[in-house]
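J.: I'll drop the sequence and a predicted model, then ask my questions.
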Amino acid sequence: MDVNRHVDVFRVNPDDWPNGTPAGKAPDPELGTAIIPADRYFSHEFMQLEWDHIWTKVWLLAGRSDDIAEPGQYICTDIGKESVIIVRQHDGSLRGFHNVCLHRGNRLRPEGISETPDLFRCMYHHWTYDWEGRICHIPDLDTFPQGGPPNDRVDAVRTGEWGSFVWFSLNPNVEPLEEYLDPVPRHLNPYHFERMAWTRDITVEWDCNWKTSVDAFNESYHVQGIHPQLKWYLDDVNIQIDCYERHNRYLIPFAAISPRVSLPTQIPPAIEEIMRNAGMDPAEWEGSTGDIRRAVQLFKRKHGPSQGKDYSELNDDQLTDDYNYMIFPNVTLNTHADDLMLFRQRPHPIDPDKMFYDIWMFELVPEGEEWPERPRHQHFRHGDKTIGQVLDQDAFNLPTVQKGMKSSAFRGLWLSEQELRLRHFHHVIERYVYGHNGPPQGAAKGA
Amino acid sequence: MDLGLAGKKAIIVGGARGIGYAVAEVLAREGVDVAICARGEDAVKNAVANLRKYGTKIFGGSVQVQRSDEYKAWLEAADEELGGADILVPMPSAGSGLGSEKHWQKAYEIDLMGPARAVDVMMPKMAERGSGSVVLVATTSALEAMGGPQPYNALKGSLIIWGKQLALAHGKDGIRVNVVSPGPVEFEGGNWEMIKGTMEKFYNNILRQHPMGRFGKPEEIARAIVFLASPAASWCSGSHLVVDGAFTNRTHF
């Protein structure tokens, strides 16, 4: 690799943290070096295969449990052409159903979070439904000689909760949520996302396929390409990649200087900010800038409790680093001791060249401190507003990647070992789409 | 022009990287035995190994100048090892920083007391030998605003005053004292490289202000320092030389 220093990164011994997030390296899957066919990023046929075999089969992220803590509060969220409503019931459980009126097909509610005291009433002819999607009232029912629609209800969707997040599945026969998410809950429960409060809730319509976006966050190889400033913030070379059955992760040391650049004597501004956020005074630092990461870990370990931050279930690396998880198919979690930066990447209902990029950010609320007010959801188009320097850099290339992949000279993704998570992601996609025997002959032109 | 440096001995404080290393290198190339010290052990080792290729005697130590006793002991040892230093370039720096009282303390301990302690140790020795040359290194940030009201700028500024007064006081001892104020200098592993990577707009803004369209290089500052340090500059004392490619706007009368 193009580095100018060798760096030995301190990493915790996984055996020292038997009850925490498993930190050990998982064996790398043997996934070969074949190209990833390009047409799966833009063909309508593949988009349909994904719909039939992935989006309607797996568990999907809907929202935050604390947004619907009270009975009658609900989340309405779209996936592809579908939309679902998930409602908190009086007994604390969740019920979900398709967001549609069985009369003429109107959507019952717009996307978002809200609450209803008793019923959902269609805005068109005032058919009403209860919190579980059962029809309660049809105006002038006696003018429907055929009676009401069969079963007197909208089709239900499966719902579940984990990690203070709400999940749903359009597949009535889906496996239990915890089983689907395994081993992620075991890995991420120590972060206690329920102690973190919303800080940003943004949806951007991006001009690329949803997988183009997932790929963009699944490797660190692009740091030297599009995030030059992060070389003085994280170690993009000494990364641990772990692939599980359908999900994967990588562990990136933060508060570190990339081996690609010389060690500066002055503390880089972004690392100073990490120190200040931890409660340290960067001006007090006397040592090498290469030793700051470990010092921040030890400082947070010592002073966390007095700051109302319970890090007791996290290992030392987790106090600085990015434990970056991908929950198949579309959730990226940049997990940190004090915050969570989550991306949900959803396909466009009909256009494989577009997607919805949801940015959900949360921050640990120190014990005893008041929870901040929930930010309002914002929605805008690709490039209309800044979403922060790093994410703007990520967003910038995606439309040209999407266009370029259609070139007749481009056969598919030519991946490095640093991009093993992409390979694994596509391997899991293939398993869902084609089954364990892989793609049939001629299924994808680049294969 | 012969600088008259061959066979001379020099001590460079803060000599493992950047301008300090370049000074050591130019001196070694001119045939000077050099002792360098700096904070980072690895950096000193690397610098010493690189400097040895010029064939003069090179001596290095990992020292923190704020630890007065250790620092002074190293200076004594270096002077002895060299067999009496003719040249002293004490230029350690804590670098810039704003917003914490600690920055004042560090600038005082490192940027100011680093040179002050070296001068305290070396002046009597040079006076006894009847000759010596000291070059202090300030900064153009002492002359014109740069990066806000920083302790670094203020305390580096005090070296310009002190350097002149040292020259007045020690002329009778045969010791010359001069001050060099470099403008922004960029080198691999230097802070401007990091600033270029992390604060590109600020970097480009500074770059645009350079009449010559680029930052300085360490050896361009080093050659000026080495000239003032050398016997060739025998009538230069109490001077303050700005080496900045005309970066500063003011006229240096």
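T.: Noted; the coordinates are in hand. What you are looking at is a predicted structure, and each value in this text was computed from that prediction instead of being measured.
J.: what bits of the chain have low per-residue confidence?
T.: Just so you know, I chose chain A. The model of chain A has pLDDT under 70 over residues A:438, A:441-447.
J.: what parts of the stretch 151-253 of chain B come near chain A?
T.: Within the stretch 151-253 of chain B, the positions near chain A by CB under 8 Å from any CB of the partner chain are B:188, B:189, B:190, B:191, B:193, B:194, B:197, B:198, B:199, B:200. Any C-beta I mention is one placed from the backbone N, CA and C, and that applies to glycine too.
J.: just those now: which is nearest chain A?
T.: Checking these against chain A with CB to the nearest CB, the nearest one is residue B:189 at 2.9 Å.
J.: is it true that that closest one touches residue A:262?
T.: Yes: look at residue B:189 against residue A:262 with CB atoms under 8 Å: they come within range, at 2.9 Å.
J.: assign a three-state SS to the closest residue to chain B within chain A, would you?
T.: Residue nearest to chain B within chain A: residue A:262 (2.9 Å; CB to the nearest CB). Classification of residue A:262 by DSSP: H, G, I helix; E, B strand; the rest coil places it in coil.
J.: what's the local residue count around it?
T.: 17 (other CB atoms under 10 Å in any protein chain shown).
J.: separation between it and residue B:86?
T.: Residue A:262 sits 32 Å away from residue B:86, going by CB to CB, to the nearest Å.
J.: likewise residue B:143?
T.: Using CB to CB, we find residue B:143 at a distance of 29 Å from residue B:86.
J.: do the same with residue A:45
T.: 81 Å.
J.: ok, which stretches of the stretch 101-250 of chain B are helices?
T.: B:101-106, B:113-129, B:151-170, B:191-198, B:200-209, B:218-229 (DSSP state H, counting those that start in this stretch).
J.: how about the CA coordinates for the longest one, as CSV?
T.: Taking only C-alpha atoms (Å, rounded to 0.1, in the frame of the first residue of the first chain), the coordinates of helix B:151-170 have been written out as CSV:
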residue,chain,number,x,y,z
PRO,B,151,1.0,33.2,22.4
TYR,B,152,3.3,31.7,19.8
ASN,B,153,3.3,35.0,17.9
ALA,B,154,3.8,37.1,21.0
LEU,B,155,6.6,35.1,22.5
LYS,B,156,8.4,34.6,19.2
GLY,B,157,8.2,38.4,18.9
SER,B,158,10.1,38.7,22.2
LEU,B,159,13.0,36.8,20.7
ILE,B,160,13.6,39.7,18.2
ILE,B,161,14.0,42.2,21.1
TRP,B,162,16.1,39.8,23.2
GLY,B,163,18.3,38.9,20.3
LYS,B,164,19.2,42.5,19.6
GLN,B,165,20.0,43.1,23.3
LEU,B,166,22.1,40.0,23.5
ALA,B,167,24.1,41.3,20.5
LEU,B,168,24.6,44.6,22.3
ALA,B,169,25.7,42.9,25.5
HIS,B,170,28.0,40.3,24.1
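J.: so who does residue B:245 touch?
T.: B:183, B:210, B:211, B:212, B:214, B:216, B:220 (CB atoms under 8 Å, 6 or more residues apart in numbering or on different chains).
J.: the second one: neighbour count?
T.: The one in question is residue B:210. The tally of other residues near residue B:210 (other CB under 10 Å) stands at 16.
J.: leaving out the residues flanking it, which one is nearest to it?
T.: residue B:247 (5.5 Å; CB to CB, 6 or more residues apart in numbering or on different chains).
J.: contacts only, for the one you found.
T.: Here residue B:247 is in contact with B:140, B:183, B:184, B:209, B:210, B:211 (criterion: CB under 8 Å, 6+ apart).
J.: quick check on the closest residue to residue B:140 other than its chain neighbours: phi, psi?
T.: Nearest residue to residue B:140 in three dimensions, chain neighbours excluded: residue B:183, at 4.5 Å (CB to CB, 6+ apart). Per-residue torsions, residue B:183: phi -80, psi -180 (degrees, to the nearest 10).
J.: hmm, residue B:183 is touching residue B:244, no?
T.: Yes: using CB under 8 Å, residue B:183 makes contact with residue B:244 at a distance of 2.7 Å.
J.: what touches both of those two?
T.: Jointly contacting residue B:183 and residue B:244 under the rule CB under 8 Å, 6+ apart are B:140, B:216.
J.: tell me which parts of the stretch 1-150 of chain B are close to chain A?
T.: The stretch 1-150 of chain B has residues B:17, B:40, B:64, B:95, B:96, B:97, B:99, B:100, B:101, B:102, B:103, B:106 near chain A, with proximity defined as CB under 8 Å from any CB.
J.: residues contacting the first one?
T.: Read it as residue B:17. By CB under 8 Å, 6+ apart, the neighbours of residue B:17 are A:265, B:38, B:43, B:47, B:187, B:189, B:190.
J.: what is the mean pLDDT for stretch B:49-69?
T.: Mean per-residue pLDDT for stretch B:49-69: 97.
J.: which non-adjacent residue is nearest residue B:230?
T.: That would be residue B:3: by CB to CB, 6+ apart, it lies 4.0 Å from residue B:230.
J.: quick check: that neighbour is in a strand.
T.: No: per three-state DSSP, residue B:3 lies outside any strand segment and is coil.
J.: any idea how far chain A is from the residue nearest to residue B:140?
T.: 17 Å (CB to the nearest CB, to the nearest Å).
J.: quick one: the strands in the stretch 51-200 of chain A, in order.
T.: Secondary structure of the stretch 51-200 of chain A (DSSP state E, counting those that start in this stretch): strands located at A:60-64, A:73-79, A:82-88, A:94-98, A:112-115, A:120-121, A:128-129, A:135-137, A:156-162, A:165-169, A:196-206.
J.: contacts only, for residue 23.
T.: Chain wasn't specified; assuming chain A. By CB under 8 Å, 6+ apart, residue A:23 lies in contact with A:11, A:12, A:14, A:17, A:251, A:315, A:317.
J.: hm, I was asking about chain B
T.: For residue B:23, the contact set (CB under 8 Å, 6+ apart) comprises B:12, B:15, B:89, B:91, B:222, B:225, B:226.
J.: which bits of chain A sit near chain B?
T.: Counting by CB under 8 Å from any CB, the residues of chain A close to chain B are A:228-229, A:231-233, A:261-266, A:268-270, A:281-284, A:286, A:288.
J.: so residue A:45 and residue B:86 - more neighbours on which side?
T.: Ranked by neighbour count (other CB under 10 Å), residue A:45 and residue B:86 place residue B:86 first, with 21 against 12.
J.: leaving out the residues flanking it, which one is nearest to the more buried one?
T.: residue B:8 (4.6 Å).
J.: the one you found: neighbour count?
T.: Using other CB under 10 Å, residue B:8 has 22 other residues around it.
J.: select only the buried ones of the residues of the stretch 1-150 of chain B next to chain A in ChimeraX?
T.: Burial among the residues of the stretch 1-150 of chain B next to chain A is assessed by 16 or more other CB atoms under 10 Å in any protein chain shown; the matching ChimeraX selection reads:
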select /B:17,40,64,95,96,97,102,103,106
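J.: that older thread, pull the most distant pair out of the contacts of residue A:23.
T.: For these, the farthest-apart pair by CB to CB is A:17 and A:251; their separation is 13.1 Å.
J.: ok now stretch A:425-445, how far from the chain's centre?
T.: Its chain's C-alpha centre and that of stretch A:425-445 lie 23 Å apart, by CA atoms, centre = their mean, to the nearest Å.
J.: buried residues in that stretch, which are they?
T.: Neighbour counts over stretch A:425-445 (16+ other CB under 10 Å) mark A:425, A:426, A:427, A:428, A:429, A:430, A:431, A:432, A:433, A:443, A:444 as buried.
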